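*Asks:* compute the structure for the input listed below.
(2 chains, ligands or ions: 5)
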Amino acid sequence: MPEIAVPAHMKPIHAKAECLYDTYFRKGENPHQTHYCPGCGHGVALKLLAEAIDELGIADRVIVVSPVGCSVFLYYYFDTGNVQVAHGRAPAAATGLKRANPEAIVIAYQGDGDLAAIGSAEILHAANRGEPITCIFVNNAIYGMTGGQMAPTTPLGGRTTTTPFGRAAHNDGYPLHVSEVLAALDGPAYIERVALGNVKQILGARRAIRKALETQMKGLGFSLVEVLSPCPTIWKMDPVEAQRRVREEMTKLYPLGVKCDRTAERQPLPAPAPAPPLEELPRILQIPEEEPAAAWAKAEGAVDCRIRVAGFGGQGVLLLGQLLAEAGMDYGLEVSWLPSYGPEMRSGTSNCHVRLSSKPIDSPLVSQPHVLIALNEPSLRKFVGAVQPGGVVLYNGTEIPADARRGDVAMYALPFFEIADREGSAKAGNLVALGALLEAVPLLPAEVVDRAMARVIRSEKWLELDRRALKRGREALRALKNEPAKEPCHA
Amino acid sequence: MTAAVKEDKGYIVINEDECKGCGLCIEACVQKVIRAAPYLNRYGYHPAVYDGRGCNGCGLCFYACPEPGAITVYKAAA
Ligand SMILES: Cc1ncc(C[n+]2csc(CCOP(=O)(O)OP(=O)(O)O)c2C)c(N)n1
Ligand code: SF4
Ligand code: SF4
Ligand code: SF4
Ligand SMILES: [Mg+2]
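*Replies:* Ligands and ions are numbered 1, 2, ... in the order given. Modelled structure (predicted):
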């Protein structure tokens, strides 16, 4: 090893950035070198970013968000805040970090598989929102870490492990020009594409990265620097040859330059409003103040009731289930409410699973209900067979169709919606059904249900109608019933 | 040696432990004063070594190098 003999009159002008650790503590035995392959562009990008952080004096404010990909280990190098996130999610995580820490300089560092494939939604919307974060987008036109699969940025004809005959547009689509796509949005403040194809280009990248960070420091909004970067290992080239490829080939497909720059005309974004104090939340969310439920209501005996409510969308199936669950919760029970409905808002099928239990609930699914509320005939036919022996079926109709009858369950037919219609609106049919249920199965005290209704049903007019509907449902069932209520739901 | 170095405007120090022998600094140096050592460093790479003279302190090798701390460039105070 030659001796180090720096002449005394010389001063260091380019040295390792101070915001990087002196040695890299990581698994394995090599604390002196980054984990990148020799000649990898990630090393240069990391170095330029570190230098910019030093120059701007922001190391104490920086949070680096590292991606999934070869650059996953940035936190071994940057002596700054660090978060490592799931594949493609860096812009979303950075958004949260920035909003929660407006003073922080948040940097999402991403590869092209990470950003342009699995993370395309996150980056698009972060850019479109003009989120005041900075993204360093290292584009090496390949999935490096996983051994060379096609990325959205891979050139046409490019042979990869997933395009062994070369990328073909008709099958694999066209190379994605991320910077141009994002620059077409109104949100971003500054987007530039740079390259690491020679030192001149590297110095251009250095300037762009610094400008992107300054854009964030001035509060001007979203900034992104796309860095065309060599991956000698997967490209199967030596480092010098890979650099040449960046310079001569990649820059043809992905032209360098500023893609958008609104930093001159942009005003700094307004500071985000501080989060309201916790005590304010009930008022903001209009949650009425009340004592804890347990203080005034308490379930007696062991309860384990499984209820299935089924009908058409628009019949109030989900609200019926929700009221049961809300009231059950007030009563101190464990509850679950699992809605299950088709894509249609109305007229599709709709059903929900409700459980009320004095023990913790294992699964919210109710496949063998104690109680079935069937608000139409298809639902009755679909679910009646699953009702547990000794259970209860409440059916919206004048009588149970003969071929859907069972001898081992209590079955009641009542025209819930006609009853409601006579009260003022057929829409309250679900509350008639709830009244009938509470009468058939004395599961919850009337005042507990009423209190839950008053909380969930916000409109005075509807609350008044729904209370009457519930009452009619109770009366109708009482009239129908000639034997005292069994308690099939109590275990 | 000291006399000859004094005439140079610059000097570089390569930390051989941090060098991966990628050769990008050798490619970048216009003065052609960096070469690959014939021996291996502790990680099995031929490290880049400075000739000891001829550097003008331009910094090209520093920016070409993917290792953050492998090269330090010195320059004579103006
Ligand atoms: C959810 C998920 N899907 C897939 C992977 C596997 N995976 C790890 S890295 C990677 C691609 C990384 O490519 P790129 O972002 O271009 O980074 P590079 O390694 O090229 O720098 C994939 C698909 C993963 N880790 N997580
Ligand atoms: S595989 Fe490619 S991108 Fe990953 S570290 Fe090696 S050279 Fe860099
Ligand atoms: S500073 Fe310039 S002249 Fe000196 S070794 Fe590096 S590239 Fe060569
Ligand atoms: S560029 Fe850096 S890592 Fe590559 S040979 Fe030169 S000093 Fe070593
Ligand atoms: Mg990649």
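*Asks:* grab the nearest non-local neighbour of whichever residue of chain B sits closest to chain A.
*Replies:* Per CB to the nearest CB, residue B:66 is where chain B lies closest to chain A, at 2.7 Å. Placement of C-beta: from N, CA and C, glycine included. In this structure, residue B:66 finds its nearest non-sequential neighbour in residue A:43, 2.7 Å apart by CB to CB, 6 or more residues apart in numbering or on different chains.
*Asks:* by contact count, what packs against whichever strand or helix holds the one you found?
*Replies:* Taking DSSP states H and E as the criterion, residue A:43 maps to helix A:41-56. Judged by 3 or more CB pairs under 8 Å, 6 or more residues apart in numbering or on different chains; DSSP states H and E, helix A:41-56 is in contact with strand A:105-111, strand A:134-139, helix A:199-217, strand A:223-228, helix B:60-64.
*Asks:* how far off centre is the last one?
*Replies:* In terms of CA atoms, centre = their mean, to the nearest Å, the centre of helix B:60-64 is found 9 Å from the chain centre.
*Asks:* who are the packing partners of the host helix or strand of residue A:448?
*Replies:* Using DSSP H and E, residue A:448 falls within helix A:446-456. Contact here means 3+ CB pairs under 8 Å, 6+ apart; on that basis helix A:446-456 packs against helix A:317-330, helix A:429-440, helix A:460-480.
*Asks:* tell me which of those helices sits most buried.
*Replies:* Ranked by mean neighbour count under mean count of other CB atoms under 10 Å in any protein chain shown, the helices and strands packed on helix A:446-456 are led by helix A:429-440, which reaches a mean of 27.
*Asks:* what's the angle between that helix and helix A:460-480?
*Replies:* Angle of helix A:429-440 versus helix A:460-480, following axes from the mean of the first three to the mean of the last three CA atoms, to 10 degrees, is 40 degrees.
*Asks:* now helix A:429-440 and helix A:317-330, what's the angle there?
*Replies:* Using the same axes, to 10 degrees: helix A:429-440 against helix A:317-330 is 40 degrees.
*Asks:* against residue A:156, how distant is the residue in chain A that chain B sits nearest to?
*Replies:* Going by CB to the nearest CB, chain B is nearest to residue A:43 of chain A, at 2.7 Å. As judged by CB to CB, to the nearest Å, residue A:43 and residue A:156 stand 28 Å apart.
*Asks:* these two: who's more crowded?
*Replies:* Set residue A:43 next to residue A:156 and count neighbours by other CB atoms under 10 Å in any protein chain shown: residue A:43 wins out with 27 against 14.
*Asks:* look up how far residue B:68 lies from the more buried one.
*Replies:* Relative to residue B:68, residue A:43 is positioned 7 Å away (CB to CB).
*Asks:* overlap in contacts of those two?
*Replies:* Common contacts of residue A:43 and residue B:68 (CB atoms under 8 Å, 6 or more residues apart in numbering or on different chains): residue A:34.
*Asks:* list the contacts of residue A:392.
*Replies:* Taking CB under 8 Å, 6+ apart as the test, what residue A:392 contacts is A:370-372, A:409-412, A:437, A:440-441, A:488.
*Asks:* ranking those residues by neighbours, who comes first?
*Replies:* residue A:372 (28 neighbours).
*Asks:* specify the beta-bridge partners of that one.
*Replies:* On the basis of DSSP bridges, residue A:372 takes part in beta bridges with residue A:308, residue A:393.
*Asks:* what lies in contact with stretch A:63-72?
*Replies:* Here stretch A:63-72 makes contact (CB under 8 Å, 6+ apart) with A:36, A:40, A:42, A:45-46, A:73-75, A:78, A:80-88, A:90, A:93-94, A:97, A:101, A:104-111, A:113-115, A:119, A:138, A:143-145, A:231.
*Asks:* rerun that using 6 Å as the cut-off
*Replies:* Residues from elsewhere that reach stretch A:63-72 (CB atoms under 6 Å, 6 or more residues apart in numbering or on different chains): A:42, A:74-75, A:78, A:80-85, A:87, A:90, A:93-94, A:97, A:104, A:106-111, A:114, A:144-145.
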